[in-house]
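Visitor: Below are the sequence and a predicted model; questions follow.
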Amino acid sequence: MNFEVQGIKVNISRAHRWKLRPHPKIRQGKKLMVIILDGWGEQIPDEYNAIHVAKTPTMDELKKTAPDRWRLLRAHGLSVGLPSDEDMGNSEVGHNALGAGRIFEQGAGLVDSALKTGKIYEGEGFKYIQQAFAKNTVHFVGLLSDGGVHSRANQLSALLKGCVNRGAKRLRVHVLLDGRDVAPGSAIKYVEALESELAELRKGGSDAWIASGGGRMAVTMDRYENDWSIVKKGYDAQVKGEAPHKFSSCGEALKKLLEMDPKLNDQYFPPFVIIDSIGQPIGPIVDDDAVVTFNFRADRMVMAAKAFDLETFDKFDRGKLPKIKYVGMLQYDSDLKLPKKYLVSPPQIDKTSGEYLIHNNIKTFACSETVKFGHVTFVWNGNRSGQFSHSMEKYVQIPSDVGIAFNMKPEMKAIAIAEKARDALASGKWDQVRVNLANGDMVGHTGDLNATVIGCEAVDQAVKIMLDAVEVVGGIFLITADHGNGEDMVKRNLKTGAPILDKGGKFQVLTSHTCNPVPIIIGGKGLQKGVRFRRDLPGAGLANVAATFINLHGFEAPWDYEPSLIEVLD
Ligand SMILES: O=C(O)[C@H](O)COP(=O)(O)O
Ligand SMILES: [Mn+2]
Ligand SMILES: [Mn+2]
C-alpha cells in the first residue's frame with residue numbers, strides 16, 4: 001500500500017520480489033568462489049599473531065591489492081547483532097550476517113531483553129516448567145561463563161532467581177566448564193560465583209546445588225553430530241547421575257581433577273557428579289522434573305536437545321527415559337521444532353542470500369568439514385535446515401577428525417576441502433562454490449600457538465588451490481572471515497596492546513575469539529576492470545558481504561540488504 005505524507009510517497013508494504021534486477025554494470029555468468037576463513041582476523045603483527053608468524057604467501061600477496069580489492073570489515077559487537085561492542089564475534093552471528101546480508105538481534109540480546117522486561121516468565125515455555133516448581137526439581141544445563149557466545153552466567157543467575165521468586169523449591173545446575181570463550185583456568189571463578197549465589201538461595205529456603213559438571217569439549221557440547229559419545233557422557237552424568245568421577249562439591253571436583261592432571265584445560269574436564277554423604281548423586285534428572293538448557297546458541301546444544309526431547313532416538317542408549325518437562329533457552333532448530341518448548345523466540349532470519357540465489361538461477365555448492373559444516377549451510381541460511389533446492393544446491397561435508405584436540409592435527413581438512421571446491425568449480429555445474437576453512441579458529445581455540453601457525457599455513461595452501469581453480473575458469477573469488485581468533489594467541493593490555501605475562505614470565509594464552517576486524521578480498525580474472533571497494537563505508541561489517549557477492553554474480557542486491565562494498569569505475 002502506498003500513501004503520501006506532505007507530498008512524499010511512502011511505500012509501506014513493498015511487495016516482496018525474489019527476482020533480482022540485473023546489475024547495471026557487472027555482467028552475469030562468472031563463477032564465484034566464496035572462501036570463509038574461520039577465525040582469521042587482523043592484529044598487531046608480532047610473535048603472538050599466528051597468522052602473521054605463519055608462512056602465508058598467497059594471503060600476503062593478496063594484501064597488496066589494498067585498498068581497491070583488500071580491506072577490513074567489522075566482525076564483532078553491534079555489527080553482527082550482539083548486545084554491545086564489547087562482545088567478540090562468533091561463528092553463528094558471523095555466518096548469519098554473511099549469509100543474510102542484514103543485522104538481526106541475536107540470541108544473547110533477545111534473552112537479555114526477555115529477562116529484563118520479565119517477558120520470559122509470561123511465555124508458554126516458562127509456564128511449562130513452572131508445573132514442576134512445587135513438588136519436583138528444575139535442572140539447568142549449560143555453559144558456565146560470561147563468554148557470551150553460547151550462554152552468559154548472568155542470564156543463568158537471573159533465571160535461577162526468577163524461578164525461585166515464582167515458586168521453584170528444588171534447583172540443580174549441571175555446569176559445563178568453558179576455558180574456550182574465556183580464559184583457560186577461569187572455570188573456578190565462575191563455579192565459585194555460582195556456588196555463592198546458590199548458597200544465597202539456600203539461605204532463602206531453596207534447595208539449590210550444582211549437581212554435575214564437565215568440560216564443554218568433553219561433555220554435552222559436541223556439534224554437527226561429530227561425536228555422540230560426548231553428548232552421552234553429559235546425559236549419563238546429568239540424567240543418570242553416572243560419571244567416572246564423583247565428588248562432594250563442584251569446587252572439590254575442579255581441585256582434585258587438576259591435582260590428578262595439572263595441565264587439564266577447563267574445556268576438557270571429564271564428566272563428574274556431585275554425591276551426598278552416603279554416595280548418592282544429589283541431582284539426577286527424574287520423572288516430572290523440569291530441564292532448561294540455558295545456552296542460547298544452537299549448534300552445541302541441539303544434540304543434547306534431541307536426547308532430552310525426542311521420543312524416538314537411536315544415537316545412544318538413554319536407558320529408561322524420564323518423563324521430563326524440557327525447554328531450551330531458545331528454540332534451537334525452528335524447522336525441526338527442536339525443542340518443542342522454549343523460553344525465548346529465536347531471531348527470525350528470513351530472505352537470506354542463498355534463497356535469492358536459487359530464485360535467480362544461481363547454483364550453489366557448499367563444503368566444509370564436520371565441525372564447521374553447519375556454519376556454511378544451516379547458519380549461513382539463517383538457521384534453516386536442509387537446502388532451498390535439491391537440484392540447484394549441493395552441500396558436501398568432509399568428516400572431521402574425531403577424538404583428538406585439533407592442535408594434534410592442525411592441518412585439519414583444509415586441503416581436502418580445497419580440492420572438493422576446486423573440482424566443484426571445474427565441473428562447471430556450480431555458479432557459487434562456498435567453503436569454510438576451520439583451522440584459524442579450531443586450532444586457535446586450543447591456545448597452542450605453534451599448532452595454530454601450522455594450521456594457518458595449511459589454510460594458505462588451501463586458498464592457493466582454490467584461487468588456481470578460479471584462474472582456470474576465469475572466475476572471481478571473494479575471501480573473508482567470520483571473526484578473529486588465530487591472529488591473537490595472547491592476552492593483551494587493551495590500552496597498549498602489549499602481551500600480559502604471568503609471574504613466571506610466560507605469556508597468558510588466549511583461546512577465545514577476538515574483537516578484531518577481518519579482511520575481505522576480491523579478485524580473479526573474471527572480476528571486471530574498474531570494480532573496487534567503495535571508500536565511503538569505513539564502518540562496514542560482515543552484513544555488507546552478501547550484497548557484494550550478489551553484485552559479483554551480476555545482480556543488484558535486495559533493497560533491504562546492507563550496502564554492497566563495491567563500486568564500478570568507468
Ligand atoms: O563453539 C565454539 O567452538 C566456540 O565457543 C565458538 O567458536 P565458533 O563461534 O567459531 O564456533
Ligand atoms: Mn567461526
Ligand atoms: Mn571459534
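Guide: That came in fine, so what should we check first? Numbers count the residues shown, from 1 in each chain. Ligands and ions are numbered 1, 2, ... in the order given.

Visitor: Which helix or which strand is home to Glu567?
Guide: With secondary structure defined by DSSP states H and E, Glu567 is part of strand 566-568.

Visitor: Could you list the residues in contact with that strand?
Guide: Strand 566-568 is contacted by residues Lys25, Ile26, Ile522, Gln528, Gly530, Val531, Arg532, Phe533, Arg534, Thr548, Asn551, Leu552 when judged by CB atoms under 8 Å, 6 or more residues apart in numbering. C-beta: built from backbone N, CA, C; applies to glycine.

Visitor: Contact residues of the stretch 1-150 of the chain facing ligand 1?
Guide: Asp38, Gly39, Asn90, Ser91, Glu92, Val149, His150 (CB under 6 Å from any ligand atom).

Visitor: pLDDT value on the third one, please?
Guide: Asn90 is assigned a pLDDT of 98 by the prediction.

Visitor: Dihedrals phi and psi, it?
Guide: Dihedral pair for Asn90: phi -150, psi 170, per degrees, to the nearest 10.

Visitor: What about the residue of the chain at minimum distance from ligand 2, how many residues nearby?
Guide: Using CB to the ion, the point where the chain gets nearest to ligand 2 is Ser91, with a distance of 3.1 Å. As a burial measure, the neighbour count of Ser91 was computed by other CB atoms under 10 Å and equals 27.

Visitor: Show the pLDDT at the residue nearest to Pro399 when sequence neighbours are not counted.
Guide: Taking CB to CB, 6 or more residues apart in numbering, and ignoring the residues beside it in sequence, Pro399 has Thr370 as its nearest neighbour in space, at 5.5 Å. What the model reports for Thr370 is a pLDDT of 97.

Visitor: what's the neighbour count on Thr370?
Guide: A total of 20 residues lie near Thr370 under the criterion other CB under 10 Å.

Visitor: ok, it touching Tyr224?
Guide: Yes: counting by CB atoms under 8 Å, Thr370 touches Tyr224, with 5.3 Å between them.

Visitor: what touches both of these two?
Guide: Residues touching both Thr370 and Tyr224 (CB under 8 Å, 6+ apart): Gln397.

Visitor: What residues sit buried inside stretch 336-344?
Guide: For stretch 336-344, the buried set under the neighbour-count rule, 16 or more other CB atoms under 10 Å, comprises Leu336, Leu338, Pro339, Lys341, Tyr342, Leu343, Val344.

Visitor: Just give me the closest of the residues you listed to Leu310.
Guide: The shortest gap between Leu310 and any of those belongs to Leu338, at 7.9 Å (CB to CB).

Visitor: That closest one is in contact with Val327, isn't it?
Guide: No: with contact defined as CB under 8 Å, Leu338 and Val327 do not form a contacting pair (11.4 Å).

Visitor: which residues does the nearest residue in space to Lys233 that is not next to it in sequence contact?
Guide: By the measure of CB to CB, 6+ apart, the closest residue to Lys233 outside its immediate chain neighbours is Pro271, 4.7 Å from it. Neighbouring residues of Pro271 by CB under 8 Å, 6+ apart: Ser212, Gly213, Gly214, Ala218, Val219, Lys233, Gly234, Asp236, Ala237, Ala243, Pro244, His245.

Visitor: For Pro271, grab phi and psi.
Guide: Recorded main-chain torsions at Pro271 are phi -70, psi 140, according to degrees, to the nearest 10.

Visitor: in the protein, which helix has the most residues?
Guide: With DSSP state H applied, the helix covering the greatest number of residues in the chain is identified as helix 449-473.

Visitor: Next, the buried residues of stretch 219-235.
Guide: By neighbour count, and taking 16+ other CB under 10 Å as the criterion, the buried residues in stretch 219-235 are 219-224, 226-228, 230-235.

Visitor: Need the phi and psi values for Phe555.
Guide: Here is the backbone geometry of Phe555 (degrees, to the nearest 10): phi -120, psi 160.

Visitor: Please name the residues that touch it.
Guide: Here Phe555 is in contact with Leu20, Arg21, Pro22, His23, Gln28, Asn360 (criterion: CB under 8 Å, 6+ apart).

Visitor: for the longest helix of the chain, packing partners?
Guide: For helix 449-473, the packing partners by 3 or more CB pairs under 8 Å, 6 or more residues apart in numbering; DSSP states H and E come out as strand 32-37, helix 50-53, helix 57-63, helix 414-426, strand 432-437, helix 439-442, strand 476-481.

Visitor: helices and strands around the helix or strand Gly213 falls within, which ones?
Guide: For Gly213, the host element (DSSP H and E) is strand 207-215. In terms of contacts (3+ CB pairs under 8 Å, 6+ apart), strand 207-215 is packed against strand 170-177, helix 187-203, helix 250-260, strand 272-274.

Visitor: Parallel or antiparallel, which strands does the first one pair with?
Guide: Just to be clear, that refers to strand 170-177. Using DSSP bridges, the strands paired with strand 170-177 are strand 137-144 (parallel), strand 207-215 (parallel).

Visitor: tell me the angle the following helix or strand past the last one makes with strand 207-215.
Guide: Secondary structure here is assigned by DSSP H and E; on that basis, the next helix or strand after strand 207-215 toward the C-terminus is helix 228-235. Orientation check (axes from the mean of the first three to the mean of the last three CA atoms, to 10 degrees): helix 228-235 against strand 207-215 gives 160 degrees.

Visitor: mind listing what the residue in the stretch 351-500 of the chain positioned nearest to ligand 1 touches?
Guide: Going by CB to the nearest ligand atom, ligand 1 is nearest to Asp441 of the stretch 351-500 of the chain, at 4.6 Å. When the contact criterion is CB under 8 Å, 6+ apart, the partners of Asp441 are Asp38, Gly39, Trp40, Ser91, Lys372, Asp482, His483, Asn485, Gly486, His513.

Visitor: Just give the nearest non-adjacent residue to it, would you?
Guide: Closest to Asp441 by CB to CB, 6+ apart is Gly39, at 2.7 Å.

Visitor: Give me the distance between the one you found and Ser145.
Guide: Here Gly39 is placed at a distance of 18 Å from Ser145 (CB to CB, to the nearest Å).

Visitor: higher neighbour count, the two?
Guide: Legend: neighbour count by other CB under 10 Å for Gly39 and Ser145, higher for Gly39 (36 against 27).

Visitor: give me every residue that touches that one.
Guide: Residues in contact with Gly39 (CB under 8 Å, 6+ apart) are 438-442, 444-445, 481-486, 513.

Visitor: what about it, is that helix, strand or coil?
Guide: Reducing the assignment at Gly39 to three states with DSSP: H, G, I helix; E, B strand; the rest coil gives coil.

Visitor: Mind pulling up the pLDDT for it?
Guide: Looking at Gly39, its pLDDT reads 98.

Visitor: can you list the residues of the protein near ligand 1?
Guide: By CB under 6 Å from any ligand atom, the residues of the chain that approach ligand 1 are Asp38, Gly39, Asn90, Ser91, Glu92, Val149, His150, Arg180, Asp181, Arg300, Asp441, His445.

Visitor: quick revisit: next, format the helices and strands packed on strand 207-215 as a markdown table and append mean pLDDT, mean neighbour count and distance to Gly474.
Guide: Listed next are the helices and strands packed on strand 207-215 as a markdown table, based on pLDDT from 0 to 100; neighbours: other CB atoms under 10 Å; distance: least, CB to CB, whole Å:
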| stretch | mean pLDDT | mean neighbour count | distance to Gly474 |
| --- | --- | --- | --- |
| strand 170-177 | 98 | 27 | 49 |
| helix 187-203 | 98 | 16 | 52 |
| helix 250-260 | 98 | 16 | 57 |
| strand 272-274 | 98 | 24 | 58 |
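
Visitor: These: which one's closest to Ala421?
Guide: Shortest distance between Ala421 and the helices and strands packed on strand 207-215, using CB to CB, is found for strand 170-177: 34.0 Å.

Visitor: and the gap between Val286 and Lys325?
Guide: In this structure, Val286 and Lys325 are separated by 12 Å, where distance is defined by CB to CB.

Visitor: ChimeraX command for the buried members of the contacts of Asp441?
Guide: Buried subset of the contacts of Asp441, written as a ChimeraX selection, criterion 16+ other CB under 10 Å:
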select :38,39,40,91,372,482,483,485,486,513
